[in-house]
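[1] how would this look folded up:
(2 chains)
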Amino acid sequence: MAIDWLAIAPEVALTVTALLVLAADLALRGDAKQLVNPLAMIGTVVAIVFAVVLWAEAPRVAFEGQYVVDSFAVAFKLLFLGTLLAILAISARYFAEGRYFQGEYYFLLLTAFIGMLLMPSARDLLVLFIALETVSVPAFVMVGMRKRDLYSSEAALKFFLIGVLSAALMLFGMSMVYGFTGTTRLEGIAQALAGDAGSVPLLLGSVMLVIVGFGFKISAVPFHFWAPDTYAGSPLPVAAMLAVASKAAGFAGLLTIAFVAFEPVADVWAPVLGVLAILTMTLGNLVALQQRDLIRLLAYSSIAQAGYMLIPFGLARPGAEVVNQAAVRAVLFYLIAYAVMNVGAFAVAIGVNRRTGERSIRDYAGLGTRSPLLALAMTVFLLSLGGAPLTVGLWAKFAIIEAVAVEVTVFGLVMASFLVVNSVIAFFYYLRVIREIWFEPAAAEAPRLQPALSLSVVVVVLMVGTILLGVLPGLVADPTVVTTFATGG
Amino acid sequence: MSPLGPLLLAALLFSIGVYGVIARRNAVLVLMSVELMLNAVNINLVAFQNLLFPAELAVSGQMFALFIIGVAAAEVGVGLAIVFNLFRNRATVNVDDVDLMRW
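    Sure, this is the predicted structure:
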């Protein structure tokens, strides 16, 4: 069997880079170990180049249909690789100063991203499972990277136990789906579900179990408990990775499995995911109101954002291709916007945390006078997360409302009204941080902030991106991103 | 042969695993309970493959089981390292004592 190397070129590039990073870490001593960061960046740029080449070549089908690189998958790959580049840039000084295990960290980070790149292309239950575990297992280790820190080891244990439990539940569901349909290919499952098998209650339960596995990754409500503790306990760049990239990977997998394999039974899972969307955003926002730690606030805000992104899933209906395509596009656009603003917010948190070591919202008092750049950037990111005009956050919410409006249903309107009410609630806590930044005096002993050059560059680029996309959302809301989902890959 | 026997065994194992995850407070035993759940999945997959779809050329059920065994080994390796590290820091592996962070 001939292998289509171009179709898997970004993954191969990252794999080679990961191995080179590990070897370089062995060979280098002392301060020279910091060189692994630029090495990882070069590999990421090579992978981005391959992904851009693939954009023109899409769609490609490799491994007898188990691996599909369509424009939807390439869009996700570019999103992941862009996030990886930003996270590498904001990790550089954090890990070099902290004397953590730099080589191991970059190796694990690259490995997790290989899994993410696999996710949107997978068209087989087995490939999806391997991709999910390739994201999860390195993340378990990265969360526990600060070995002597009590919070870090607690965060790792919580994350690990919930992670393996949800993986086991998902696998049980997958095994039952295989038993009913006789195949692990997503298209084959869709064909079998469209036939008689689609009405067996046990099968529908198994479908829900499979969706549970991804619910953990995106921290949807019954499976969200790990998120705040894990973000708060892990090194901050790892928290940024979990909040943005790992969540986007979960959504990529959920989109693939929901709209390719389980599309014929959408009228069963769509209402469930819709109700989960409402619960997730409401609970995330209400608990975020009471947070005093900025990282926990961002964690609950990211739970709420996952709720917004689940809304389009609630709209899905079997056979309604226009509605389903609009739903997929809305989620993709929201994820791009979310990545830009949330990586930015975490980058500012890293810049402030580096000098103060504290991350209570109080520590942001007077940031406007201490570091106008970071203060301005944080304001833009938080306003965008809230969905203020002139930022990309508004258009992201607009994209979801647009998907609701494709075919108006009562349930769709209910979800959209919850979205609007929740956006108002969310402004309370985002504006509380902004008030602290600009209107409270800085503590007298507050150290001067000197963000690293790479971190400043990331912050500025993302801030400009947030506003630029807020003015010209057409730059990424490309209607040519068509999935081959409905046509069966 | 009907797949009922293996299915019942798998369901029983899976339920014991779920019970263990909920009831056990020792992190190592929780880990072992998760292993039980994964092995229930393996029984399911192999039984389905052999009894229901013996003609399937890709033998995807058995392949899946092989991959689960491999991934489960990796997970346990990472999990025991995490539990071991926790024990060195806190001198406990009781999951109820790990409560520095709430809400």
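[2] At which residues are the helices of chain B located?
    All helices of chain B, identified by DSSP state H, fall at B:4-23, B:27-47, B:60-90.
[3] Excluding sequence neighbours, find me the nearest residue to residue A:275.
    Once flanking residues are discounted, residue A:275 sits nearest to residue A:314: 7.7 Å by C-beta to C-beta, 6 or more residues apart in numbering or on different chains. Yep, even glycine has a C-beta here, placed from its N, CA and C like the rest.
[4] my read is that neighbour is in a strand, agree?
    No. Judged by DSSP: H, G, I helix; E, B strand; the rest coil, residue A:314 forms no part of a strand; its state is helix.
[5] Look at it and report its pLDDT.
    Predicted confidence (pLDDT) for residue A:314: 94.
[6] again with the one 4 residues further on
    The predicted structure scores residue A:318 at 89 on the pLDDT scale.
[7] In a helix, it, correct?
    No. Applying three-state DSSP, one finds residue A:318 to be coil, outside a helix.
[8] wait, doesn't the residue nearest to residue A:275 sit right on residue A:266?
    No. Assessed by C-beta atoms under 8 Å, residue A:314 is found out of contact with residue A:266, at 10.0 Å.
[9] pLDDT weak spots in chain B?
    B:102-103 (pLDDT under 70).
[10] cool, and the stretch 251-400 of chain A?
    In the stretch 251-400 of chain A, residues with pLDDT under 70: A:355-358.
[11] Give the residues shared as contacts by residue A:314 and residue A:266.
    Contact with both residue A:314 and residue A:266 is made by no residue, according to C-beta atoms under 8 Å, 6 or more residues apart in numbering or on different chains.
[12] where does residue A:147 land in three-state SS?
    Residue A:147 - assigned by three-state DSSP - is coil.
[13] residues contacting it?
    Residue A:147 makes contacts with A:153, B:85, B:89, as judged by C-beta under 8 Å, 6+ apart.
[14] Now do the residue nearest to residue A:275: how many residues are near it, please.
    23 (other C-beta atoms under 10 Å in any protein chain shown).
[15] Same check on residue A:96?
    Counted with other C-beta under 10 Å, the neighbours of residue A:96 add up to 16.
[16] Which element, helix or strand, includes it?
    Taking DSSP states H and E as the definition, one finds residue A:96 inside helix A:71-98.
[17] quick one: average pLDDT of that helix?
    Averaged across helix A:71-98, the pLDDT comes to 91.
[18] Show me what that helix is packed against.
    When contacts are defined as 3 or more C-beta pairs under 8 Å, 6 or more residues apart in numbering or on different chains; DSSP states H and E, helix A:71-98 packs onto helix A:36-57, helix A:102-118, helix A:236-241, helix A:247-256, helix A:321-356, helix A:453-471.
[19] residues in contact with the last one?
    Contacts of helix A:453-471 from elsewhere in the structure, counted by C-beta under 8 Å, 6+ apart, are A:86, A:89-90, A:92-93, A:337, A:340-341, A:343-344, A:347-348, A:350-351, A:373-374, A:376-377, A:380-381, A:384, A:389-395, A:451, A:475-476.
[20] Next, the angle from it to helix A:71-98.
    Going by axes from the mean of the first three to the mean of the last three C-alpha atoms, to 10 degrees, helix A:453-471 is angled at 150 degrees with respect to helix A:71-98.
[21] Just the CA atoms of helix A:453-471, as CSV, please.
    Output of helix A:453-471 as CSV, limited to C-alpha atoms (Å, rounded to 0.1, in the frame of the first residue of the first chain):
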residue,chain,number,x,y,z
LEU,A,453,10.5,40.0,24.2
SER,A,454,8.9,36.8,22.8
LEU,A,455,5.9,37.2,25.2
SER,A,456,5.4,40.8,24.3
VAL,A,457,5.5,39.9,20.6
VAL,A,458,2.8,37.2,21.2
VAL,A,459,0.7,39.6,23.2
VAL,A,460,0.9,42.4,20.6
VAL,A,461,0.2,40.0,17.7
LEU,A,462,-2.8,38.5,19.4
MET,A,463,-4.1,41.9,20.5
VAL,A,464,-3.8,43.2,16.9
GLY,A,465,-5.5,40.0,15.7
THR,A,466,-8.4,40.4,18.1
ILE,A,467,-9.1,43.9,16.9
LEU,A,468,-8.4,43.2,13.2
LEU,A,469,-10.7,40.2,13.1
GLY,A,470,-13.2,42.3,15.1
VAL,A,471,-13.3,44.8,12.3
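[22] Residue A:436 against residue A:368, yeah?
    No. Look at residue A:436 against residue A:368 with C-beta under 8 Å: they stay out of range, at 9.6 Å.
[23] Would you state the helices of the stretch 101-250 of chain A in chain order?
    Assigned by DSSP state H, counting those that start in this stretch, the stretch 101-250 of chain A shows helices spanning A:102-118, A:125-143, A:150-181, A:186-194, A:201-217, A:226-233, A:236-241, A:247-256.
[24] Enumerate the residues of the stretch 151-300 of chain A near chain B.
    A:151, A:153-158, A:160-161, A:164-165, A:167-169, A:171-172, A:174-176, A:178-179, A:182-184, A:228-229, A:232-233, A:287, A:290 (C-beta under 8 Å from any C-beta of the partner chain).
[25] out of those residues, which are buried?
    A:153-158, A:160-161, A:164-165, A:167-169, A:171-172, A:174-176, A:178-179, A:182-184, A:228-229, A:232-233, A:287 (16 or more other C-beta atoms under 10 Å in any protein chain shown).
[26] Contact partners for residue A:193?
    Taking C-beta under 8 Å, 6+ apart as the criterion, residue A:193 is in contact with A:181, A:203, A:261-262, A:264-265.
[27] I meant residue A:452, not that one.
    Residues near residue A:452 by C-beta under 8 Å, 6+ apart: A:92-93, A:351.
[28] What score does it have for pLDDT?
    84.
[29] cool, and residue A:66?
    The model reports residue A:66 with a pLDDT of 89.
[30] coming back round to it: if you count neighbours, what's buried in the helix holding residue A:96?
    By neighbour count with 16+ other C-beta under 10 Å, helix A:71-98 contains the buried residues A:71-96.
[31] likewise stretch A:9-24?
    Buried residues in stretch A:9-24 (16+ other C-beta under 10 Å): A:9-15, A:17-18, A:20-22, A:24.
[32] Just the ones of these in helices?
    Counting by DSSP H, those contribute A:9-15, A:17-18, A:20-22, A:24 to helices.
[33] for residue 76, what are its contacts?
    Picked chain A for this. Residues counted as contacts of residue A:76 (C-beta under 8 Å, 6+ apart) are A:119-120, A:248, A:252, A:332, A:335.
[34] switch to chain B, that's the one I care about
    Residue B:76 touches B:31, B:35, counting by C-beta under 8 Å, 6+ apart.
[35] Checking residue A:297 next. Helix, strand or coil?
    State at residue A:297, reduced to three classes by three-state DSSP: helix.
[36] Any chance of TSV for the buried residues of stretch A:9-24, columns distance to residue B:63 and pLDDT?
    Below are these laid out as TSV (distance: C-beta to C-beta, whole Å; pLDDT from 0 to 100):
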residue	distance to residue B:63	pLDDT
A:9	25	94
A:10	25	95
A:11	20	95
A:12	22	96
A:13	27	96
A:14	25	96
A:15	21	96
A:17	28	96
A:18	25	96
A:20	30	96
A:21	30	94
A:22	28	93
A:24	35	93
